[in-house]
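> need a structure here:
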Amino acid sequence: MYIERVPNRNSPPAVLLRESYREGSKVRKRTLANLSKLPDHAIDGLQALLKGGVTIASLPDSFKITRSRLHGHVAAVLGCLKNTGLHNLISSENSRNRRLVLAMIIARIIDPRSKLATARGFNEETCFSSIGKIYGIEGADEDELYLAMDWLLSRQESIENNLASLHLASSTLVLYDVSSSYFEGKTCPLARYGYNRDGKRGKLQIVFGLMCDASGCPIAIEVFEGNTADPTTLTNQITKLKERFGIAKIIWVGDRGIISSTTIQQHFQANDRAFDWISALRSVQIRTLVEQESIQLSLFDEKNIAEISSSEYPGERLIACRNPMLAAERAKTREELLQATEKELAKIAAATTREKRRLKGASNIALKVGKVVNRYKVAKHFKLDFQENSFCYERNTQSIENEAALDGLYVIRTSVESEVLSPTETVRAYKSLSQVEQAFRSFKTVDLKVRPIYHRLGDRVKAHVFLCMLAYYVEWQMRSLLAPMLFDEDDWESAHQQQESVVKAAKSDRTRAKARTKRTADNLPVHSFQTILADLGTIAHNEILATMEGASWVFDKITQPTIVQQKALDLLGVSLICTQ
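Have a look, this model is predicted:
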């Protein structure tokens, strides 16, 4: 290491602490710290130290680390956020509200907590990272964060318009799906009892709809009352796309619960085909097609995809697909459930014939039988006979065969003409909804943890969900860039070339190799998104107190990144030196 003074035009020279290192056959140098603000005597003392003016024995006592802040993951997220331009989409003015919002977005990605805990994480005395210091918000409390959320919500429409202009202008598909999240408390006007996807019985909830582009990048999100039906949410989204985003022609992709027959009549056919759509049929509708022989299993003897037609759906294309692996899995699961049910029913039947404490009464027997068949959800596959003092049962083979005929079978329905999308492309477009489901998983459980929700005011809940969407926007960008180091697919072109059917998504050779060896092409360990952030988080921003020969000064030093950490930073295109 050495000290170098760099001329700075009309200003005093910059005093830099640097070190030399070799890269191949070339000798390079890098800056370790900026010492320009140190007094001359401190710089002279450090220079004497570097030249050997201080004995080795005194070195450990000459430096003290007075503060360490976790920094690497903050630098990675902040750098990626700035590279996307999201900070300018939120506001072109570097106001305190913008800094608070950006800090909350970064905190939501690296360590999601309540707003109270997040505020404590920014505070100088209780910080858990370098966020507060970088943005100069060490004194922020939870009330100021709430006010910043209110400010963000007032700008949601403008931010979503900007995101749409960036990502939907050249897109031909819009992915839309709906989810819900349970709510803690009783006072929020948006919280209602409804269909709870989280399996939390007795909990109030909210519903939110997420709009993404064809690649799964989030564009807009809207929060609804917890008892709002999924198809109802689509009305607002169509209006948003036409009036706010100015999109005149696009293809909507939604699941069968959102783009249903009723929705198609109300929103798509009435719009003179302003928008096309891709959805799927429900199992009852598929069964009807089978009974009408519109779908014949012989269609799938050679291929697992076939385009069919039916007078029930005039002007629509129907694409039938069969997944033999899913069919085998469902058949296996059904047989296991049937056997488990029979085992319990046999115990009940035996109880009606035992000598002691014999089970009697048709109502008592039916009550016990009902508990069993409801537990395993296969009541329709059994014929049950209740007598006053006896009970017998047998499998309903016709019901089982009827259900088995539909195993692994699904039908895509669409208004898109075949000249625009082939059958295979149409099925792939529908399956791209899985990318929205990935967003919901990140939202609700894995990364961002939108739930549980504690906010009491409806607007605060909306702001909280929108904040999580912006955090996922940054995470989505980071995942795309870090894909070579993650278990994620990073060679989509090869994956599509190797895909032989629409039944199962193919993986590229490189991605399969990563999964098998747990090493990248550079022979580095493969990470998940969570573990790479944790690894980067070990890079600390240290405040170091140097005391020698009666002089003392403080300077900053960032941990030297490992090879893995530097690779991640290079892929993201970010630096450990952060600015607002």
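> correct me, but residue 387 touches residue 362?
Yes: using CB atoms under 8 Å, residue 387 makes contact with residue 362 at a distance of 6.4 Å. (C-beta placed from N, C-alpha, C; glycine too.)
> Compare the two and say which one has the larger neighbour count.
residue 362 (13 against 10; other CB atoms under 10 Å).
> How confident was the prediction at the residue lying closest to that one once chain neighbours are set aside?
Excluding the flanking residues, the one nearest residue 362 by CB to CB, 6 or more residues apart in numbering is residue 386, at 4.6 Å. For residue 386, the pLDDT comes out at 82.
> Residue 386 bridge partners, please.
Applying DSSP bridges to residue 386 gives these bridge partners: residue 391.
> so how many other residues sit close to it?
Counted with other CB under 10 Å, residue 386 comes out at 16.
> give the contact list for it.
Contacts for residue 386 (CB atoms under 8 Å, 6 or more residues apart in numbering) come out as 362, 365-366, 369.
> got a pLDDT number for residue 451?
68.
> For residue 47, which non-adjacent residue is spatially closest?
Going by CB to CB, 6+ apart, residue 47 has residue 3 as its nearest residue, at 5.1 Å.
> Next, the one you found: phi, psi?
phi -110, psi 130 (degrees, to the nearest 10).
> ok, back up a step: any chance of JSON lines for the contacts of residue 386, columns pLDDT?
Formatted as JSON lines, the contacts of residue 386 follow (pLDDT from 0 to 100):
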{"residue": "362", "pLDDT": "84"}
{"residue": "365", "pLDDT": "85"}
{"residue": "366", "pLDDT": "86"}
{"residue": "369", "pLDDT": "87"}
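> which among the residues you listed end up buried?
365, 369 (16 or more other CB atoms under 10 Å).
> What is the nearest of the contacts of residue 386 to residue 250?
Nearest to residue 250 among the contacts of residue 386, counting by CB to CB, is residue 369 at 52.1 Å.
> That closest one falls within a helix, correct?
Yes: using DSSP: H, G, I helix; E, B strand; the rest coil, the assignment for residue 369 is a helix.
> And it, how close does it get to residue 388?
For residue 369, the distance to residue 388 equals 14 Å [CB to CB, to the nearest Å].
> just residue 209 next, same as before
According to CB to CB, residue 209 stands 53 Å off from residue 388.
> Kindly report the same for residue 20.
96 Å.
> Quick check, pLDDT for residue 421.
88.
> Now do the contacts for residue 287.
Per CB under 8 Å, 6+ apart, neighbours of residue 287: 402, 406.
> Can you name the helix or strand that it falls in?
helix 283-291 (DSSP states H and E).
> mind checking how far the helix or strand just after that helix is from the chain centre?
For helix 283-291, the following helix or strand on the C-terminal side (DSSP H and E) is strand 305-308. Its chain's average C-alpha position is 33 Å from that of strand 305-308, according to CA atoms, centre = their mean, to the nearest Å.
> now swap in stretch 354-368 and tell me
Between the centre of stretch 354-368 and the centre of its chain there are 51 Å (CA atoms, centre = their mean).
> Flag every buried residue along that stretch.
359, 365, 368.
> Mind picking the one among the residues you listed that's closest to residue 283?
Among the buried residues of stretch 354-368, and counting by CB to CB, the member closest to residue 283 is residue 368, at 29.8 Å.
> May I ask you to name the longest strand in the chain?
As assigned by DSSP state E, the longest strand anywhere in the chain is strand 11-23.
> Export only the CA atoms of that strand, formatted as PDB.
Extracted C-alpha coordinates of strand 11-23, given in PDB (Å, rounded to 0.1, in the frame of the first residue of the first chain):
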ATOM      1  CA  SER A  11      -8.800  22.300  -6.100                       C
ATOM      2  CA  PRO A  12      -6.400  20.800  -3.600                       C
ATOM      3  CA  PRO A  13      -5.000  17.400  -4.700                       C
ATOM      4  CA  ALA A  14      -6.900  14.200  -3.800                       C
ATOM      5  CA  VAL A  15      -5.000  12.100  -1.300                       C
ATOM      6  CA  LEU A  16      -5.600   8.400  -2.000                       C
ATOM      7  CA  LEU A  17      -4.600   5.300  -0.200                       C
ATOM      8  CA  ARG A  18      -3.800   2.800  -2.900                       C
ATOM      9  CA  GLU A  19      -2.400  -0.700  -3.500                       C
ATOM     10  CA  SER A  20      -0.800  -2.400  -6.400                       C
ATOM     11  CA  TYR A  21      -1.900  -5.800  -7.600                       C
ATOM     12  CA  ARG A  22      -1.100  -8.000 -10.600                       C
ATOM     13  CA  GLU A  23      -3.700  -9.000 -13.200                       C
END
